[in-house]
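In: return atomic coordinates for the entry below.
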Amino acid sequence: MKKINGEVLSTHPFPGSEFVQDIIYYDAPILSLYKFEDRLFLWYWMDTNEIMNRWSVIETTMDKLKEWKEKDYVWEFVEDCILNNEVYFINLDTEKKFVVGWKCDVKELVNYD
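Out: Here you go, the predicted structure:
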């Protein structure tokens with residue numbers, strides 16, 4: 001997996017997030033919407049290896065999400081959906097338990113290969 005440049009997080013930044021819906025699903029969730037403390041977060045699957053999955057997590061609003069939907073969730077417009085410039089990367093093990101996370105600038109997400 002790609003090295004992430006950002007503030008390392010040793011605890012889950014959104015514990016107990018409530019699943020709202022899968023937005024894109026292909027054999028498994030690709031893009032999902034979660035609620036945490038009355039705020040909305042998009043979880044976008046980014047990468048995997050044999051022991052974990054990496055997700056990017058961005059705060060959004062329903063209005064911003066609707067605008068991105070009108071653009072067919074095309075990745076080049078993801079920045080339009082972000083409520084602020086903060087992006088989180090979260091690694092979850094195969095049982096969906098938190099392993100490690102990072103808090104980053106949006107540039108880390110846009111430049112992710």
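
In: for the chain, which helix extends over the most residues?
Out: Ranked by residue count and defined by DSSP state H, the top helix of the chain is helix 62-70.

In: packing partners for the strand or helix carrying Val8?
Out: Counting by DSSP states H and E, the element that carries Val8 is strand 7-9. Using 3 or more Cβ pairs under 8 Å, 6 or more residues apart in numbering; DSSP states H and E, the elements in contact with strand 7-9 are strand 98-105. No exception for glycine: its C-beta is placed from N, CA and C like everyone else's.

In: before we move on, the earlier item: for the longest helix of the chain, what is the distance to the chain centroid?
Out: 16 Å (Cα atoms, centre = their mean, to the nearest Å).

In: whichever helix or strand comes after that helix pairs with which strands?
Out: Next along the chain after helix 62-70, taking DSSP H and E as the criterion, comes strand 86-93. Partners of strand 86-93 in the sheet, by DSSP bridges, are strand 52-60 (antiparallel), strand 98-105 (antiparallel).

In: taking the mean pLDDT, what do you get for strand 86-93?
Out: Model confidence over strand 86-93, given as mean pLDDT, is 95.

In: with only the CA atoms kept, save it in PDB.
Out: Extracted in PDB, the C-alpha atoms of strand 86-93 (Å, rounded to 0.1, in the frame of the first residue of the first chain):
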ATOM      1  CA  GLU A  86      -9.400  17.300   5.900                       C
ATOM      2  CA  VAL A  87      -9.100  13.700   4.700                       C
ATOM      3  CA  TYR A  88      -8.700  10.600   6.800                       C
ATOM      4  CA  PHE A  89      -7.100   7.400   5.600                       C
ATOM      5  CA  ILE A  90      -8.100   4.400   7.800                       C
ATOM      6  CA  ASN A  91      -6.800   0.900   7.600                       C
ATOM      7  CA  LEU A  92      -9.200  -1.800   8.800                       C
ATOM      8  CA  ASP A  93      -8.300  -5.400   9.200                       C
END
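
In: quick one: residues in contact with that strand.
Out: Contacts with strand 86-93, where a contact means Cβ atoms under 8 Å, 6 or more residues apart in numbering, come from 1, 4, 6, 9, 12-14, 43, 46, 51-59, 98-106, 108-109.
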